[in-house]
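> 3D, please:
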Amino acid sequence: MEITKVLVIGNNPEKLAAAYINYPLIVIYPKNRAPTKEFLTQKNVTALYSEYTTYPDIESLKIVRDMLFYLLNTAYLNSNDMVLVLFEKSGEKYQITLDLREMQYPLLVSRLSDLLDGEIIENILRLSMDVIRKGREGMPTGALFIVGDEQNVKKYIIQKIANPIKSLSRRERLVTDPENMDTLREYAIMDGAMVIDSMGYVVTCGAYVKSLFVDEANGEGFGGRHLAGLSITKLTRAISFVVSSEGTIRVYRDGNLVYQLDSF
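Purely as a prediction, here's the structure:
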């Protein structure tokens, strides 16, 4: 099978990608490096950004795995792709070819498809990664997204502040519209949870879950945001996406951790 995508990871990714400019390229830039005009104008190039300024050598293969998880779960890659991965480790260039048909990567969409549309799941993951990368005024921060079963969710939350999302039009509250990402991220990093209905529209933000369950298997050692995310899924059929300030996204349903994605 021929290569269908080329994934490039490195401190100078364009140098690594130069020989593959005619392939469909996904170029992961360090957060302090911008694409050149040559790459920015290429229609076959998708430019994404890492949270790293410099990639740590010791974690290169873990970073590759985490990137593949994210790209698969947000539909930049699909499970039929043959991916050439180019990356740097200890100053040396490496490449590996991965047939994603044979790798059985767990896809979050398939685990939640009975409750949520795949496009909503993909975009909440993108929004979660945006929270990790940009933080609050340059500092790491977290967020909590509670999605679906909104009528029951309302029974178990407290709105401690006036709902600021009311100032937005319905179109501006849709998480599947990429034009809304920056605005919704700013609301998501407020204290409390962002509640999103099953159609992908934000209902409220700054909400607090009234009843918290301490679960030794799933919640022990985590803070209030994780306990709130776990608890609301025990009380309702909602799904929670918990973004930690350390850069990990955990997804809960039915009071259980069903997926974990580390940032890159």
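> so who does residue 79 touch?
The neighbours of residue 79, taking CB atoms under 8 Å, 6 or more residues apart in numbering as the test, are 72, 100, 101, 105, 107. Quick note: C-beta positions are derived from backbone N, CA and C, even for glycine.
> Narrow those residues to those that are buried.
72, 100, 107 (16 or more other CB atoms under 10 Å).
> quick revisit: minimum pLDDT in the contacts of residue 79, which residue is that?
In terms of pLDDT, residue 105 ranks lowest among the contacts of residue 79, with 61.
> Could you list the buried residues of the lengthiest helix in the chain?
In the chain, assigned by DSSP state H, the helix with the most residues is helix 118-134. Judged by neighbour count (16+ other CB under 10 Å), helix 118-134 contains these buried residues: 120-134.
> Who does residue 98 form a beta bridge with?
Beta-bridge pairing of residue 98, defined through DSSP bridges, involves residue 83.
> so where's this protein shaky on pLDDT?
1, 58-60, 103-106, 137-138, 214-222, 263-264 (pLDDT under 70).
> Show me which pair in the contacts of residue 79 is furthest apart.
101 and 107 (12.9 Å; CB to CB).
> now the longest helix of the chain, how far from the centre of its chain.
On the basis of CA atoms, centre = their mean, to the nearest Å, helix 118-134 sits 4 Å off its chain's mean C-alpha point.
> With just CA atoms, put that helix into CSV.
Extracted C-alpha coordinates of helix 118-134, given in CSV (Å, rounded to 0.1, in the frame of the first residue of the first chain):
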residue,chain,number,x,y,z
GLY,A,118,-18.6,12.2,15.9
GLU,A,119,-18.1,15.7,14.7
ILE,A,120,-19.0,17.1,18.1
ILE,A,121,-16.5,14.7,19.8
GLU,A,122,-13.8,15.7,17.4
ASN,A,123,-14.3,19.4,17.9
ILE,A,124,-14.4,19.2,21.7
LEU,A,125,-11.1,17.4,21.6
ARG,A,126,-9.7,20.2,19.4
LEU,A,127,-11.1,22.8,21.8
SER,A,128,-9.5,20.8,24.7
MET,A,129,-6.1,20.8,23.0
ASP,A,130,-6.5,24.5,22.3
VAL,A,131,-7.0,25.1,26.0
ILE,A,132,-3.8,23.2,26.8
ARG,A,133,-1.7,25.0,24.2
LYS,A,134,-2.9,28.6,24.9
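> Got the domain ranges for the protein?
Following automatic domain parsing, one gets these domains for the chain: 5-102, 111-262.
> Can you tell me which of those is most buried?
domain 111-262 (a mean of 18; mean count of other CB atoms under 10 Å).
> Just the endpoints, please. Distance across that one?
18 Å (CA to CA, to the nearest Å).
> can you check stretch 70-82 too?
End-to-end distance (CA to CA), stretch 70-82: 16 Å.
> Please name every helix or strand in contact with the longest helix of the chain.
Counting by 3 or more CB pairs under 8 Å, 6 or more residues apart in numbering; DSSP states H and E, the packing neighbours recorded for helix 118-134 are helix 60-73, helix 108-112, strand 143-147, helix 181-188, strand 239-243, strand 248-253.
> Can you classify the nearest residue in space to residue 12 that is not next to it in sequence by secondary structure?
Spatially, and ignoring its direct neighbours in sequence, residue 12 is nearest to residue 33 (7.7 Å; CB to CB, 6 or more residues apart in numbering). Under DSSP: H, G, I helix; E, B strand; the rest coil, residue 33 falls in the coil class.
> And the one 10 residues further on, by the same measure?
Classification of residue 43 into helix, strand or coil gives coil, according to three-state DSSP.
> Distance check, it against residue 49.
19 Å (CB to CB, to the nearest Å).
> And residue 25, by the same measure?
15 Å.
> cool, residue 82 as well?
Using CB to CB, residue 82 is found at 25 Å from residue 49.
> Equivalent analysis for residue 233, please.
Distance, residue 233 to residue 49, by CB to CB: 30 Å.
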